[in-house]
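Enquirer: only geometry, no sequence info:
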């Protein structure tokens, strides 16, 4: 759309493409409102964004640049024709290039490597496989038929050849193999009002009766309107049987299959440089056994040699920059949480894929132990004895129905949760599991509040397998883009790299619109803005902060034969500190390359992020001051780290955030430090009800086959062709039907 063709009248103007703003914009556009959505950044999702490795480094450079004016932009120049402002109106400037992240620290803990070798390789298309030419023999059946008959598989495809590398990789990541091989045996789809939520984890088995159908989905392009942001690509560098679904931006997608082949060559060379050796030692030919000693020697000779530990360099990591998806604010979805319900009911779940968080750990007595959450986990756990298992099961059953058993905790309703657990004679180990990993509260949290949190967690178990959480493949930053896409489908207009000059306020303290970067006046009935767009002089609210850390490590916190997505809580060392929530992602989560792990650490901010998170890092990882990896240590080595504090307005009431603003202005908070998306969905729904009382919040989008398109010929004089489900008039009916 050309600049001079941009409409100037809207129902709502939305500033910022964070999750709350995107949900609200989609809900408004869905019911027919005219919405324009602007963002000062050149990427979607704002503080919720996901970046590849180069993108996150660019984000660091942008937010550490002190040249930007964080206070406010200069006033818009007076319009010479006087048609911007009407009588009694004034223009209030908005902040120019504000910083929502601070105390940013980036450090590498590996050698530099050969950075000159990191370059874009030419596109090389692999040659097609040779096609065998059958002999001209009328009496001999085709080769395919012979293969089918030999295997007794009439009517099935002949088996395809796979090389040894493909088979080895298939063993490494069975879940990734299932998601691309076309079987999707464990994909879980919930049907509610004709919508679906697809998970790509083959271990998930839905237990609800209404959730029995299974489908697969493939993520679409990143941009909602075709603009190229800074989102990242998960490339098909491996065999089709072992890789995850490709996720490309429009800009990167031009490289096509040739680029994927090039990147595959890069990964092969990287593995070779790193010293990885997957070959197996074979026993010497002609060896003769001599009793038990010779048998043992032969067994040792036949055993595969342990793979050499790879020594990473920054060049090795940087070479695979496209395969990273690094979140600024990683979040998990409770399986029965408000975000899952919204995605399912609105059918927006078709725009993304999800994977189960397969294990929940806790740090206790210096070790990482798996938390028994469900009935199956409790009875299979070897960390708790039989008596503790019975006690924990009784507490779980009580918590699920505690609203009807108030007499059993009335005396502890407003007292610390730890006192209530002690009254039920729970051991210190069980109290640790319940407080930090199931209820995810502190020991001093009021009992009633803790029971509600624990119940929320327990009710999410079993919906999509034995897990309470789902992870969004390619990062949480995908979700705002999903809602932006829905808004764009229903005629929402998107403009990135658009910093408004200011908002127009009339004499009655009502926002009449904005002045866009091109100096146009855009009018509206309501304006919605993310908290960083608040004019500096409008509100004196002091915001809190969230401490975040992002680490790239060389191995898992608790190695497993499966590709695990791990969530754990590190209890605080004292009452003055906050618990640290840790999320470990791997290749199967579409977050990083193979053989690397991406770890997110989050806690409520008190000091700088580096200081707030040091205790957890010391407990879980090898010392950051140590240059060489300790091969005898079971802890991972950190290869790269990013620490930053993020402004947090999630604790502020809406009335406080809008203090000093026009009466029809609304402000959204940022991601906050919560585990899930409950606050974001609740706030978006609340703002929608203020704007459109009585309207349905994000009704299901129609299926493509149900959409009726108007006939373009109606725009031409003399043509009146009927379309859709309309009943044709008698004059146009064909008597032969």
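Expert: Arrived safely. The shown structure was predicted, so the numbers you read here are calculated from the model rather than taken from an experiment.
Enquirer: tell me where the stretch 401-550 of the chain has helices.
Expert: 417-423, 428-432, 447-460, 478-489 (DSSP state H, counting those that start in this stretch).
Enquirer: reformat those as JSON lines; add distance to residue 564 and mean pLDDT.
Expert: In this view, the C-beta of every residue, glycine as well, is placed from N, C-alpha and C. JSON lines is the format used below for these (distance: least, C-beta to C-beta, whole Å; pLDDT from 0 to 100):
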{"stretch": "helix 417-423", "distance to residue 564": "28", "mean pLDDT": "94"}
{"stretch": "helix 428-432", "distance to residue 564": "21", "mean pLDDT": "92"}
{"stretch": "helix 447-460", "distance to residue 564": "18", "mean pLDDT": "94"}
{"stretch": "helix 478-489", "distance to residue 564": "21", "mean pLDDT": "96"}
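Enquirer: out of those helices, which one sits most buried?
Expert: helix 478-489 (a mean of 25; mean count of other C-beta atoms under 10 Å).
Enquirer: same for that helix, what does it pack against?
Expert: For helix 478-489, the elements it packs on are helix 19-30, strand 35-38, helix 338-346, strand 493-495, judged by 3 or more C-beta pairs under 8 Å, 6 or more residues apart in numbering; DSSP states H and E.
Enquirer: now do it against helix 338-346, angle only.
Expert: 30 degrees (axes from the mean of the first three to the mean of the last three C-alpha atoms, to 10 degrees).
Enquirer: now the angle from helix 478-489 to helix 19-30?
Expert: Using the same axes, to 10 degrees: helix 478-489 against helix 19-30 is 20 degrees.
Enquirer: dump the residue contacts of residue 363.
Expert: 568, 569, 570, 571, 619, 620 (C-beta atoms under 8 Å, 6 or more residues apart in numbering).
Enquirer: related to what we said a few turns ago, tell me which of the helices and strands packed on helix 478-489 lies nearest to residue 581.
Expert: For the helices and strands packed on helix 478-489, the distance to residue 581 is smallest for helix 338-346, at 17.2 Å, taking C-beta to C-beta.
Enquirer: which strands and helices sit next to the closest one?
Expert: helix 19-30, strand 333-334, helix 478-489, helix 678-691.
Enquirer: deepest-packed of the ones you listed, please.
Expert: By mean count of other C-beta under 10 Å, the helices and strands packed on helix 338-346 have helix 19-30 as the most buried, with a mean of 30.
Enquirer: quick revisit: quick one, which of the helices of the stretch 401-550 of the chain is nearest to residue 40?
Expert: Nearest of the helices of the stretch 401-550 of the chain (C-beta to C-beta): helix 478-489, 15.0 Å.
Enquirer: need the residues that contact that closest one.
Expert: With C-beta under 8 Å, 6+ apart, helix 478-489 has contacts from 17-19, 21-23, 25-26, 28-30, 35, 37, 44-46, 48, 50, 219-220, 222-225, 231, 339, 343, 346, 348, 351-352, 472, 492, 494, 677, 701.
Enquirer: tell me where the stretch 401-550 of the chain has strands.
Expert: 469-472, 493-495, 502-505, 511-515, 521-523, 526-530, 544-553 (DSSP state E, counting those that start in this stretch).
Enquirer: now those strands in TSV, with mean pLDDT, distance to residue 659 and mean neighbour count?
Expert: Rendered in TSV, the data for the strands of the stretch 401-550 of the chain read as follows (pLDDT from 0 to 100; distance: least, C-beta to C-beta, whole Å; neighbours: other C-beta atoms under 10 Å):
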stretch	mean pLDDT	distance to residue 659	mean neighbour count
strand 469-472	97	34	28
strand 493-495	96	28	20
strand 502-505	94	15	23
strand 511-515	95	15	23
strand 521-523	94	24	18
strand 526-530	96	14	25
strand 544-553	96	17	23
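Enquirer: of the helices of the stretch 401-550 of the chain, which is nearest residue 671?
Expert: Judging the helices of the stretch 401-550 of the chain by C-beta to C-beta, what sits closest to residue 671 is helix 478-489, at 10.4 Å.
Enquirer: nice, that's everything, thank you.
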